[in-house]
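1. One predicted model, sequence on top.
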Amino acid sequence: MRFYNGLDDIFNDYFDDTLTVNTMRCDIYENENQYLLSVALPGYSKEDIKLHLNDGTLTIDANQAKKTDGSRLIRRERAHGHLTRSFYVGDALRETDIKAAFDNGELNIVIPKNVEHKEEKKYIDIL
């Protein structure tokens, strides 16, 4: 019998499995000119996070490498590993319109409202 078997049972009986959630927690604020997304990513670094815009959808990808120090994990309740979340932001936005900053485990994304871009003529060379 291993020492941790009894301890495992105590933790498993005490905590409800519904607490284990692997998702990004996000608060969304709005003012007259913009939206602010505040995404909690504790334990992640700036290098772990990628943002991309495709067909009007902003996607946040966070991928944290597995950390091991030789000890055995008994229970995990905090998000870890690969997380992704997408938001439809509209077809008028370009990547350069969206601003993002990451500090102390929090990703803040500023998305402007009512963005208009001048339509540029694109010419095709005739060979």
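-> Okay, I see it.
2. Tell me which helix or strand comes right after the lowest-mean-pLDDT helix or strand in the chain.
-> In the chain, no helix or strand scores lower on mean pLDDT, DSSP states H and E than helix 4-14, which sits at a mean of 50. Counting by DSSP states H and E, the element after helix 4-14 in chain order, helix or strand, is strand 25-30.
3. next one: that next one to chain centre, how far?
-> Its chain's C-alpha centre and that of strand 25-30 lie 12 Å apart, by C-alpha atoms, centre = their mean, to the nearest Å.
4. helices or strands up against it?
-> Judged by 3 or more C-beta pairs under 8 Å, 6 or more residues apart in numbering; DSSP states H and E, strand 25-30 is in contact with strand 34-40. Backbone N, C-alpha and C define where each C-beta goes, glycine included.
5. Can you list the low-confidence ranges for this structure?
-> 1-22, 68, 78-79, 118-119, 122, 124, 127 (pLDDT under 70).
6. Geometric centre of it: which residue is closest?
-> Ile60 (4.5 Å; C-alpha atoms, centre = their mean).
7. Isn't that one up against Asp48?
-> No: Ile60 is beyond contact range of Asp48, at 11.0 Å (criterion: C-beta atoms under 8 Å).
8. residue contacts, Leu51?
-> 58-61, 98, 100, 109 (C-beta atoms under 8 Å, 6 or more residues apart in numbering).
9. and the host helix or strand of it with strand 34-40, angle?
-> Using DSSP H and E, Leu51 sits within strand 49-54. Counting by axes from the mean of the first three to the mean of the last three C-alpha atoms, to 10 degrees, strand 49-54 points 140 degrees away from the direction of strand 34-40.
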